[in-house]
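[1] Quick one: sequence plus predicted model below, questions after.
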Amino acid sequence: MQSKTSDRESSTRRSLALSFYTFLSRILGLVRDHFMAVSFGTGMVASAFSVAYRLPNMFRNLLAEGTLSQSFMPIFSEYEKLGKEEAKVMSGTVLSFLFFCLSLFVAIFWFFASDFLPHLVGGSAEYGKLVVDLSLVLFFLIMTASLSSIFMSISNSQHNYFIPSLSPIILNLSYLVVFLVVFPFVEGIQNRVFILTYGIVFGGVLQLLVQSWYVYRLGYGPIFRFNLKHPAIKKIFKLMIPAALGGSFYQIGLLVDIFLANYIQNNNPGLGAVVSLDYAQRLVQLPTGIIGVALATTILPSLLKDLREGNQKNVENEISDVLSFAFFLTLPAAIGLFLLGESVLDSIYFGGRWDHLATETALRPLMFYAIAIPFYSINKVLVSSYYAFMDTKTPLRIQLISFFSSVFFSIGLMFFLQHSAIALASAVSAFATSALLMIFLKHHQVRIPFQELFFRLVKMVPAIIGLTIWLIFSEFFLKPIWMEFGGQVLGLGYANRSRLILTVSILPAVILYFVIARFTALTEAKIILGRLVRKKIK
């Protein structure tokens, strides 16, 4: 019995280690975003960079963090059963073909970008030209990120998560090196933004070198062959195309959001809609990246192992445990960002070109995005569960519905809520996607024990109530006192006072949440606290 319990907790336990590494990356990402906000603010250059980065980032998220890696892993696992050499030949063949396709894709973009991008983004001719010039440099990231994702999948398939988790850390460090080492010697905001784009591309190349080195060190170095007739090519693209279409709806949805924000911004000069949405999304990606991506990454190899061994019941338990664990971690994050949004924005971004108006512009979108944090996270877990069954068509259909509903709500509400409508539509769409993904798992004879999951969520209510009461008290009663004390007594600037109140709000809230959770005997709290004190819970 203990062995079964241990197996059921394996994904959540492994995800804790990966979450820690991801947490380091996200913290560096917050530091990066602080320098971005201070250096570029919410003006034309910041908006141009945001749009230019979103294009390659859309394909990077689609390929590197989702479709490609999750489609590749089941096939790699299948070939590994035939032998290590077979797996190495298969991965080398896929990488060779992928390199060819990506080279062609990047070349086509470079050739046509100046013709279609200015029409898509609108605005002045200077703005359109800047978007094109930045995009031509940044689009190379698709190449490095996509190839890196294959190497990272190979490492993850062997339950080695540390080196793959360094990939975003390397990219964030490349930003910081440019900000701290190069920028002091560069004058002019446009010169700086171009220097930054080249630094980012260099970071992408470094990512690829590190990930490939580690795979070779593990003894799984690909054997490169350009063989279009290899069965793995057809199989991976058979899995990948429906998944890519499904994932593309989400990514295209984000792109549509940017273009709608551009439209709103062009009709409301000075609003800074594009950048405020971008920064609000990045804050939401902190908990979803740490929790959702970590759980999704670790559950897929576990589910593949269970399916190979015929442990169908264990699949249901594994998914249920991971969903409960995701809710346990994301519900307080959602409440925290919703209630402390203003303090969070001022703590990270305030200063330089980021002022009170910028915070006000970003606050309401952040609140709307925040309420959907649990659903953004569990969607990643649920989609990975479908991929374990080599089913990429069901998520495609669901994401198609999600895409059109999000666009419909965005357009319908943006005349009333401006750019905040885009965030609200995204939140509603994420909830609908979660519901549909959970319901349709039954097609794979996986019936999530909803009653058990419901009771586990009910057990979290006391801890959630305790955390919420403290955050409300801190934000609305303690904050004015601490802000005055920090300014008059400690002589702190506005940003540092915001950081002080954020610390005073969050640390007691986290302690209170875990104390109540431990007192009410929540399994999730036992796992986390047991990991922290290095005790193995059986």
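    That came through, no problem.

[2] Quick one: residues contacting Phe72.
    Applying CB atoms under 8 Å, 6 or more residues apart in numbering to Phe72 gives the contacts Ser91, Val94, Ser149, Ile150, Ser153, Ile236. The way it works is simple: take the backbone N, C-alpha and C, and place the C-beta from them, glycine included.

[3] again with Ser114
    Residues in contact with Ser114, defined by CB under 8 Å, 6+ apart, are Val132.

[4] per-residue pLDDT, it?
    The predicted local distance difference test score for Ser114 is 82.

[5] Next, find the distance separating it from Asp133.
    9 Å (CB to CB, to the nearest Å).

[6] And Phe40, by the same measure?
    On the measure of CB to CB, Phe40 and Asp133 end up 15 Å apart.

[7] Looking at the two, which is more packed in?
    Phe40 (23 against 19; other CB atoms under 10 Å).

[8] Does the more buried one touch Ser47 like I think?
    No. Using CB atoms under 8 Å as the test, Phe40 is too far from Ser47 to be in contact (9.0 Å).

[9] count of neighbours near the closest residue to Phe35 other than its chain neighbours?
    What sits nearest to Phe35 in space, not counting adjacent residues and going by CB to CB, 6 or more residues apart in numbering, is Phe179, at 4.2 Å. Residues near Phe179, counting by other CB under 10 Å, number 21.

[10] where along the stretch 1-150 of the chain do the helices fall?
    Ranges of helices within the stretch 1-150 of the chain are 2-8, 10-40, 44-63, 67-82, 84-121, 125-138, 141-157, based on DSSP state H, counting those that start in this stretch.

[11] Kindly spell out which helices and strands sit in contact with the third one.
    Contact partners of helix 44-63 among helices and strands, from 3 or more CB pairs under 8 Å, 6 or more residues apart in numbering; DSSP states H and E: helix 10-40, helix 125-138, helix 141-157, helix 189-218, helix 231-267, helix 273-287.

[12] Same check on the last one?
    Counting by 3+ CB pairs under 8 Å, 6+ apart, the packing neighbours recorded for helix 141-157 are helix 44-63, helix 67-82, helix 84-121, helix 162-177, helix 189-218, helix 294-308.

[13] Report the distance from it to the chain centre.
    Distance of helix 141-157 from the chain centroid (CA atoms, centre = their mean, to the nearest Å) equals 16 Å.

[14] Next, the angle from that helix to helix 44-63.
    40 degrees (axes from the mean of the first three to the mean of the last three CA atoms, to 10 degrees).

[15] can you tell me the average pLDDT over helix 141-157?
    pLDDT averaged over helix 141-157 gives 85.

[16] And the shortest one, by the same measure?
    Over the span of helix 2-8, the pLDDT mean works out to 46.

[17] for stretch 420-433, same thing?
    Across stretch 420-433, the average pLDDT comes to 89.

[18] Enumerate every residue touching the residue nearest to Leu206 when sequence neighbours are not counted.
    Counting by CB to CB, 6+ apart, Ile170 is the residue found nearest to Leu206 once chain neighbours are left out, at 5.4 Å. Taking CB under 8 Å, 6+ apart, we find Ile170 in contact with Gly203, Leu206, Gln207, Val210.

[19] so where's the stretch 201-350 of the chain shaky on pLDDT?
    For the stretch 201-350 of the chain, residues meeting the criterion pLDDT under 70 lie at 239-251, 269-271, 289-317.

[20] 80 instead, please
    Along the stretch 201-350 of the chain, the parts satisfying pLDDT under 80 run over 227-259, 262-263, 265-275, 285-286, 288-322.

[21] Leaving out the residues flanking it, which one is nearest to Val407?
    Nearest residue to Val407, sequence neighbours excluded (CB to CB, 6+ apart): Val256, at 5.8 Å.

[22] Distance of that neighbour relative to Lys81?
    42 Å.

[23] more neighbours, these two?
    When Val256 and Lys81 are compared on other CB under 10 Å, the one with more neighbours turns out to be Val256, at 17 against 9.

[24] Relative to Val186, how far out is the more buried one?
    Taking CB to CB, one finds Val256 at 34 Å from Val186.

[25] Over to Phe49?
    15 Å.

[26] Who has more neighbours out of these two?
    Neighbour count, other CB under 10 Å: between Phe49 and Val186, Phe49 has more, with 24 against 14.

[27] wait, doesn't that one sit right on Val193?
    Yes. If you go by CB under 8 Å, Phe49 and Val193 touch, sitting 5.5 Å apart.

[28] Mutual contacts of the two, please.
    Phe40, Leu134.

[29] residues contacting Phe151?
    Per CB under 8 Å, 6+ apart, neighbours of Phe151: Leu208, Gln211, Ser212, Tyr214, Val215.

[30] Excluding chain neighbours, what is closest to it?
    Using CB to CB, 6+ apart and skipping the chain neighbours, the partner closest in space to Phe151 is Gln211 (3.9 Å).

[31] ok, now which ones touch the one you found?
    Ser148, Phe151, Met152, Ser155, Ile163, Pro164, Ser167.

[32] Looking at these, which is nearest Tyr220?
    Of all the contacts of Gln211, Tyr220 sits closest to Ser155, with 8.2 Å by CB to CB.

[33] Is there a neighbour count for that closest one? I'd like the number.
    When neighbours are counted by other CB under 10 Å, Ser155 registers 20.
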